[in-house]
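**Q** just need the structure, nothing else, for what follows:
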Amino acid sequence: MQKFNELAFTHDRELVDLLIEGSHKAFGELYARFKEQLLYFCAQYMDEADAEDIVQDIFLELWDNRHTLSAVTSISGYVFGMAKNYTMRKFRHLDVHSRFARKILTNETESTNNTEETILDNDYSQLLNDLIEQLTPKQKEVFRLSRIESHTYKEIAEMLNITLPAVQKHASLALKKIMEGLRQHADIHFNSK
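**A** Model (predicted):
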């Protein structure tokens, strides 16, 4: 038999006041009230796993910052505002990740005046260098010659005294490994603070 939750009919404001005091039951009730709605909201913009991560982050932040909630007039508006902000941050991060991956694939160089983008580009550049170091010596050499020094595959084949198909194979494997490495780090949230 399931136990009746004594906070089920408590008003949101009272739950927030109890949460500020450190009530785990109030926190649980707020979680029960808003979890599904927040998941639905976030899942409209991203896959379910990312939506679940965001909802967990929202509730972790809510608990961690419970002492600052006294000025919150609508907990519903507050948590949905958090969901919107987390979602926008995720999109910004994915946009930067996508832009950087596109730069790698197209060998594009673009200057930017945006400080946050510059910081993220520097972080991704460090990640790229780390991923390049994990390649085999031949893949590393072909990648550097083609993507960094802008040599054609034909020039690289002549420089390294290997066949054109061998250069294409090394370049393809290097790009595949680097893109997989970047995808594994797509969830990193770089702080610019």
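**Q** from here on, just use CA atoms for contacts and neighbour counts.
**A** Will do.
**Q** which regions of the protein sit below the pLDDT cut-off?
**A** Under the criterion pLDDT under 70, the flagged ranges of the chain are 1-5, 8, 91-124, 185-193.
**Q** got the domain ranges for this protein?
**A** Residue ranges for the domains of the chain, per automatic domain parsing: 12-92, 111-184.
**Q** reformat the ones you listed as TSV; add distance to E6 and mean neighbour count.
**A** As requested, the domains of the chain are exported to TSV (distance: least, Cα to Cα, whole Å; neighbours: other Cα atoms under 10 Å):
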stretch	distance to E6	mean neighbour count
domain 12-92	9	16
domain 111-184	44	16
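**Q** correct me, but V79 touches I58?
**A** Yes - shown here, V79 and I58 form a contact pair, counting by Cα atoms under 8 Å, at 7.1 Å.
**Q** for L18, which non-adjacent residue is spatially closest?
**A** A26 (6.0 Å; Cα to Cα, 6 or more residues apart in numbering).
**Q** and that neighbour, which helix or strand is it part of?
**A** Element membership of A26 [criterion: DSSP states H and E] is helix 24-43.
**Q** next SSE after that helix?
**A** helix 48-64.
**Q** figure out how far stretch 10-28 is from the centre of its chain.
**A** Here the centre of stretch 10-28 is set off from its chain's centre by 30 Å, with Cα atoms, centre = their mean, to the nearest Å.
**Q** pull the residues that contact it.
**A** Stretch 10-28 has contacts (Cα atoms under 8 Å, 6 or more residues apart in numbering) with 7, 29-30, 63, 66-70, 73-75.
**Q** could you work out the end-to-end span of that stretch for me?
**A** 12 Å (Cα to Cα, to the nearest Å).
**Q** quick one, helices of this structure?
**A** Using DSSP state H, the helices of the chain run over 12-20, 24-43, 48-64, 75-106, 115-133, 137-143, 153-160, 164-184.
**Q** and the third one, what does it pack onto?
**A** Which is helix 48-64. Contacts defined by 3 or more Cα pairs under 8 Å, 6 or more residues apart in numbering; DSSP states H and E place helix 48-64 against helix 24-43, helix 75-106.
**Q** try 6 Å this time
**A** helix 24-43 (3 or more Cα pairs under 6 Å, 6 or more residues apart in numbering; DSSP states H and E).
**Q** how about L164: what's its closest non-neighbour residue?
**A** Per Cα to Cα, 6+ apart, closest to L164 is A157, 5.4 Å.
**Q** what distance do you get for that neighbour to Y86?
**A** Separation of A157 from Y86 (Cα to Cα): 47 Å.
**Q** one step back: please tell me I have it right and the residue nearest to L164 contacts P165.
**A** No - counting by Cα atoms under 6 Å, A157 does not reach P165; the two are 8.7 Å apart.
**Q** thinking again about what came up before, how big is the angle separating the helix holding A26 from helix 48-64?
**A** Relative orientation of helix 24-43 versus helix 48-64 (axes from the mean of the first three to the mean of the last three Cα atoms, to 10 degrees): 150 degrees.
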